[in-house]
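In: let me see the structure of the following:
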Amino acid sequence: MDNPLIVGPEPDSKIIGWAQGIYGSTSFEEVGLLMILNLVFDQGEYNGSTLIVLGHNSILHKYREMPIVGGLGVFHLARGIATAQTVWFNLTTKLQLLSIKLWFCIMIPKIRTSEKWCLYMQKVCNMIF
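Out: Modelled structure (predicted):
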């Protein structure tokens, strides 16, 4: 996949990056996907930064959680969760809009010590899928 990340829930909202990755079916019992997803930001304050999501997505559930397993740029060493909710789905075009909320922390080394501290961040974006 190579889908736009947009600011708002309207399909013509400003594009702030791209959701790039792959997914595959993971369950015989329910509709579920294994998502390997890079959220690549190429606009604004996070330009050049990436969050990496890897996990199970139960796509028929209203609310889904997937782990954030890493990041690059300002999101270096990010850990957290990504929650997804379907905003709308068009049966004719097979397009859907996902609202993705990201909660994560970034490990930042303290200067002149080996200790690290965690900066918590929250980001909301939308993906046309």
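
In: okay, now the unreliable bits of this protein?
Out: 108-120, 125-129 (pLDDT under 70).

In: and the longest strand seen in it, which strands flank it?
Out: If you go by DSSP state E, the chain has its longest strand at strand 95-109. Taking DSSP bridges as the criterion, strand 95-109 sits next to strand 79-90 (antiparallel), strand 116-128 (antiparallel) in its sheet.

In: out of everything not next to it in sequence, what's closest to residue 83?
Out: residue 101 (4.7 Å; Cβ to Cβ, 6 or more residues apart in numbering). C-beta here means a position set from N, CA and C on the backbone, and glycine is covered the same way.

In: from what I see, that neighbour and residue 82 are in contact.
Out: Yes. With contacts counted by Cβ atoms under 8 Å, residue 101 reaches residue 82, the gap being 7.2 Å.

In: tell me which of those two has more neighbours.
Out: Taking other Cβ atoms under 10 Å, residue 101 and residue 82 do not tie; residue 82 has more neighbours (26 against 14).

In: how far away is the more buried one from residue 124?
Out: For residue 82, the distance to residue 124 equals 11 Å [Cβ to Cβ, to the nearest Å].

In: joint contacts of the two?
Out: Common contacts of residue 82 and residue 124, defined by Cβ atoms under 8 Å, 6 or more residues apart in numbering, comprise 100, 101, 102.

In: could you give the bridge partners of the second one?
Out: If I follow you right, that is residue 101. Those that pair with residue 101 in a beta bridge, by DSSP bridges, are residue 83, residue 124.

In: quick one, what contacts it?
Out: Contact analysis of residue 101 by Cβ under 8 Å, 6+ apart lists 82, 83, 122, 123, 124.

In: ok, residue 48 next?
Out: For residue 48, the contact set (Cβ under 8 Å, 6+ apart) comprises 41, 42, 73.

In: mind checking how far it is from residue 103?
Out: 22 Å.

In: how about residue 89?
Out: 25 Å.

In: residue 7 too?
Out: Residue 7 sits 18 Å away from residue 103, going by Cβ to Cβ.

In: same check on residue 53?
Out: To residue 103, residue 53 is 12 Å away according to Cβ to Cβ.
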